[in-house]
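1. Have a look at this fold, sequence not included:
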């Protein structure tokens, strides 16, 4: 006979972090919600729905799926496409009711390389390309993006901060005389 053990109640786990990333200087544009199939997906869905409801903009729900790449074999390529679609549907099904309350929803898939762990971080270049392709300006993610540059820093870099290097003079050309010098 065993004695019953009384376990203390489990402490509630902290709410998962939700990361916001802006891809333009406007902060009230369409929202890209990234889902990786983790327990943080519901927090991302609620946050994205709240942003979309406040701004009146649509939400694009993107499932993050790992893949090794394309195949030259048509049968394998078709099977890969079906696998990716099945994974996308499985990831997005639990969160669609929450997002649908905010208004119109588009769905897509963010395919990341197989070596990427989507539960730790996502490559920002892939997310930025997806944001450009879908026309979204704000991304909500359950994990941080690696290598993300803020839109202000990107804009400053685009307008061209002066380079610290002085202009090069070719060694074959003599230096120009001083403007006040008398040349004889």
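-> Noted; the coordinates are in hand. Being a predicted model, the structure only gives us computed values, none of them experimental.
2. use CA for all of it now, contacts and neighbours both
-> OK.
3. And the next helix or strand past the helix or strand hosting residue 125?
-> Using DSSP states H and E, residue 125 sits in helix 124-134. Note on helix 124-134: by DSSP H and E, the next helix or strand toward the C-terminus is strand 138-141.
4. In stretch 84-100, which of the residues would be classed as buried?
-> Applying a neighbour-count criterion of 16 or more other Cα atoms under 10 Å, one finds 84, 85, 87, 88, 89, 91, 92, 95, 96, 98, 99 buried in stretch 84-100.
5. Name the nearest residue to the third one, ignoring sequence neighbours.
-> In space, and not counting its chain neighbours, residue 87 is closest to residue 65: 7.0 Å by Cα to Cα, 6 or more residues apart in numbering.
6. could you say which helix or strand contains that neighbour?
-> For residue 65, the element it lies in under DSSP H and E is strand 59-67.
7. Can you name every helix or strand that that strand contacts?
-> Judged by 3 or more Cα pairs under 8 Å, 6 or more residues apart in numbering; DSSP states H and E, strand 59-67 is in contact with strand 31-35, helix 41-55, helix 74-92, strand 105-113.
8. Deepest in the core, which of these is it.
-> With neighbours defined by mean count of other Cα atoms under 10 Å, none of the helices and strands packed on strand 59-67 is more surrounded on average than strand 31-35, at a mean of 28.
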